[in-house]
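**Q** Can you look at this prediction? I've put the sequence above it.
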Amino acid sequence: VYLFSDPLCPFCKEQEADLAKLDGQNLRIVVYPVAFKTGARAISAGALCAQNPGAAWRNALIRDMEAAPCQKGEAAVDANGEIFLRLGLGATPTFVNGNG
C-alpha cells in the first residue's frame, strides 16, 4: 500500500498514529511525503535526507520534529508531488494500492 502524506496535514498526523498500531502486521506501507501546506517541503525533504527516513518521518508527524533538508530530499518531495497530481489525487492522506 502506498501512502501520500503531508507532514503538516492534521489528518496525516492522526493517520500516522493509527498506522503505528499496525506495526508487525503482514502489511507493508510505503510513504511518499508530499508538500501541499506551507512549510511542508522542508520538513518532508528533511525526513527523506535523514539517516533513518522512517523514524524521521514519524518524528516529523507525531512529534513535530524537523530534520535538516537537502537537495536530494527536496527533489524527491517534488517528484512525489508530481506523481500525486498525475494520479489525479487531491487530498492527504491518500492510500493507493498496487493496482492504483
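**A** All right, it came through fine. Residues are numbered from 1 along each chain as shown.

**Q** how close does Cys49 get to Phe11?
**A** Separation of Cys49 from Phe11 (Cβ to Cβ, to the nearest Å): 25 Å. C-beta coordinates here come from the backbone N, C-alpha and C atoms, glycine included.

**Q** the helices in this structure, which residues?
**A** Assigned by DSSP state H, the helices in the chain fall at 10-20, 40-49, 53-62, 71-86.

**Q** closest to Pro93 out of these?
**A** helix 10-20 (4.6 Å; Cβ to Cβ).

**Q** Would you mark the buried spots in the closest one?
**A** 12-13, 15-16, 19 (16 or more other Cβ atoms under 10 Å).

**Q** Stretch 72-90 too?
**A** Neighbour-count burial for stretch 72-90 [16+ other Cβ under 10 Å]: 73-74, 76-77, 80-81, 84.

**Q** roughly how far is stretch 23-35 from the heart of the chain?
**A** 9 Å (Cα atoms, centre = their mean, to the nearest Å).

**Q** Might one say that Cys70 is in contact with Cys49?
**A** Yes. Between Cys70 and Cys49 there is a contact at 3.9 Å, judged by Cβ atoms under 8 Å.

**Q** the more surrounded of these two?
**A** Higher neighbour count among Cys70 and Cys49: Cys49, with 18 against 14, using other Cβ atoms under 10 Å.

**Q** So that one versus Ala75, what's the distance?
**A** Cys49 is 11 Å from Ala75, by Cβ to Cβ.
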